Each structure stands twice: as C-alpha cells, then as structure tokens.
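> for reference, the sequence and a predicted model appear below.
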Amino acid sequence: MRLTRWRWATVPALLLALTVGAACGGDDGDESLTVYSGRSESLIGPLLAQFEDETGISVSVRYGSTTEMTTTILEEGGNSPADVFIAQDTGGLGAVQNAGLFEPLSQDILDQVDAKWRSDDGGWVGLSGRARVLVYNNQSLTPADLPGSILDLTDPQWSGRVAWAPTNASFQAFVTALRIQHGEDVARDWLEGMIANDVATYEGNRPIVEAVAAGEVEVGLVNHYYLHGFLADHGESYTARNHYMDAGDTGALVGVAGGGILASSDNKDAAVRLIEFLLSDEAQTYFAEETYEYPVVASVPANADLPGLNEIQPPAIDLDDLEDLEGTLALLREVGALE
C-alpha cells in the first residue's frame, strides 16, 4: 500500500506502510522527540507518524512557517525544547547554524547526500529537493509567451498578471539568492518593480497554483511540486503547467528542505535516528512519488514526471550562502512586500 497523497490530509500511523530501515528498528518505550517543523503537516506529517509508529519513539511536532520556527529557536537559544528542526528551505537552517545552535551531524549521515545538498559545516542536511518555477495558465499562455528570466517580470506587459507569496520560506530563499547573484540594489529594484507592476499576493504556493488554473492571474512564482499534486487529482485537463527559467537564472533556483539536530537536545540518539529515517530509501521514495520532490539520496530516482535536475541548470549558488534570512526579511519589509 502506498501512502495516501500528501495534499489532502496527514495519514494516520496505522495506515502507513513504509518499511523503516534497520537503523530505525525496535521499540524505545518512553523515548520522545520534539520537532519544530517549518514544513506543513500534510507534507512531513505522514513520515513523522511512521517513524513514531515503527520505533516507539514519541514525536511531538510544533508546526509553523520556517521563518517563525527559526525565530523561535534563535530566541530560545540553548534552552530550546526542540530536538530537531525541519525547515522548508536552507535560509532558516543557516541562521540557526550561524548562531551555533546545531549539533554537528556525523560524517556517515552527511555522506549520504551530495555535498551541494548539505551544509559545508555539517550542521544540517538536505532531505528533499525542489525547483523554483513559473506556473502558468496554459489556456491563455504558451511556453513561447513566457520570459526566460525572472527579472523580466517587472516589464509593463506583465502588470497585474503575476502572483507571489512573500511570507513563503522558498520565496524568501529565492530573494536571498537574488541578492547574492545580482546584488542588493538589483534585488530591491526587482521587488519594487514587481509591486509597481501590481503583483498579486497570496499566502502560499498552493493558492497560487489554484489561482492560476482558475484564471485569477496568469502566472505565479512557486515550487515545482505543487502543480503535480493537482495534475494527479485532475488529470491533464488541469489548466496550469510549470515553466522553468533559463539556465543559470535566479528563477531556476534549486533548493532543499532540510533538517538538523539542536545542540541543546537531550535526546540526540533518537534525533539521529529520525534524520537517518528521513534519508532512508523508503522515505526518499515517499518524497519522490507522493510529494513530487527530488530525492537527495542517489540510490532513489526522481519521479518520472519531473525533468531531471541536469535539465534545469540552476544558478551556481551555494545553499550555505542563503543564510541571511534576516537581511532578506528586512528588505521585504523595506519595500512593503511584508508588514
């Protein structure tokens, strides 16, 4: 049996059928973990429930945005009750690492993932990959109508036709990448240009895809995998498709959701087992087949419906460099994209 699809609801543990690897076997009785998750319950909850069910380790999860969870951990410092932080993107992970709040991961864990998908300092590791795309309404637009660079969306021809989600961690990571690749002034000009171009603001990626398909807007800035859930539900008649930006463009950024263990954790052995489980072939297959993300472990192939990462050709940006989340939030507030 496969896991019930992520986009509808968290799956009760007794219905899950992943087989946990030997590293996660056994029953640990009263062991428990506290997880702070910047990933939504619908995306990561089934795997956390499976880990709990198979190991006997009780998992208590606090859900919120990656920005919220990052801020909370930084405020709590060495007194944080969290054992594991799971983030939607690497900006929050980098901020926590820079504060010295992560326990270094073992080389055995780090070696499971290509170096570009993990921290140079070993504080966090990628768990699943995602590409930034422009989702578009394929009844009103063709690929030939779409820009090759994200910077082109400030052109007057796109006025009132584009959607974004400034509170979303992946969008914030993209803005950080824009600052790195093109500099602070270009990033500010682009944000101000988008606002002047009457960009529509939504609370997240899923509402943007729905709005594009419904014709409320024609294009939107999202992660690639949301569309594939809708296509699985509605079939090829669903009126939205993904457009990948030109090679090297900031709009083609490929990032990862990732996790790390808090240095203040009193349950580090159990925390290690959770990270190992999330990197297991079973869990990586779940990401590939059920959430349409890219596996970060080489032994697990990507979903056949996705273009290969070598076809996307993202910008040459070290994910460790996306650590300045606070600088990006300050810029978004400065231009009025965030309150």
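Received, thanks.

> residue ranges of each domain in this protein, please.
Using automatic domain parsing, the domain ranges for the chain come out as 13-129+255-306, 131-253+314-335.

> for Trp158, which non-adjacent residue is closest in space?
Distances taken as C-beta to C-beta, 6 or more residues apart in numbering put Asn197 closest to Trp158, at 6.0 Å, once the chain neighbours are dropped. From N, CA and C alone the C-beta is placed, and that goes for glycine too.

> is it correct that that neighbour is in contact with Thr154?
Yes - counting by C-beta atoms under 8 Å, Asn197 does reach Thr154; the two are 5.7 Å apart.

> contact partners for the nearest residue to Leu153 once chain neighbours are set aside?
Distances taken as C-beta to C-beta, 6+ apart place Val162 nearest to Leu153, at 5.5 Å, with adjacent residues excluded. Contacts of Val162 were listed using C-beta atoms under 8 Å, 6 or more residues apart in numbering, and they are Leu153, Met194, Asn197, Val199, Ala200, Val217, Glu218, Val219, Gly220, Leu221.

> show me where the stretch 1-150 of the chain has strands.
32-37, 58-63, 84-87, 102-103, 125-136 (DSSP state E, counting those that start in this stretch).

> right, I mislabeled it, should have said the stretch 151-300 of the chain
With DSSP E, counting those that start in this stretch as the criterion, the stretch 151-300 of the chain has strands spanning 162-164, 200-201, 219-223, 241-243, 254-262.

> closest one to Ile317 among these?
Shortest distance between Ile317 and the strands of the stretch 151-300 of the chain, using C-beta to C-beta, is found for strand 254-262: 9.2 Å.

> CA atoms only for the closest one, dumped as CSV, please.
The C-alpha trace of strand 254-262 is given here as CSV (Å, rounded to 0.1, in the frame of the first residue of the first chain):
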residue,chain,number,x,y,z
VAL,A,254,17.0,24.5,-6.8
GLY,A,255,16.9,24.3,-3.1
VAL,A,256,16.3,21.7,-0.4
ALA,A,257,14.1,21.2,2.6
GLY,A,258,16.4,20.0,5.3
GLY,A,259,16.9,19.2,9.0
GLY,A,260,19.4,19.5,11.8
ILE,A,261,19.7,18.4,15.4
LEU,A,262,19.8,21.1,18.2
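
> pLDDT averaged over that strand - what is it?
The average pLDDT for strand 254-262 rounds to 96.

> list the buried residues for the worst-scoring helix or strand of the chain on mean pLDDT?
Between all helices and strands in the chain, the lowest mean by mean pLDDT, DSSP states H and E belongs to helix 309-312, at a mean of 84. Under the neighbour-count criterion of 16 or more other C-beta atoms under 10 Å, helix 309-312 has Ile312 buried.

> centre of the chain to whatever helix or strand comes next after it, how far?
With elements assigned by DSSP states H and E, the helix or strand that comes after helix 309-312 is helix 325-335. Here helix 325-335 is found 19 Å from its chain centre; the criterion is C-alpha atoms, centre = their mean, to the nearest Å.

> kindly report the same for stretch 201-220.
18 Å.

> which residues does that stretch contact?
Contacts of stretch 201-220 (C-beta under 8 Å, 6+ apart): 7, 134-137, 139-141, 146, 153, 158, 160-168, 170, 200, 221-223, 226-227, 230, 238-240, 243, 337.
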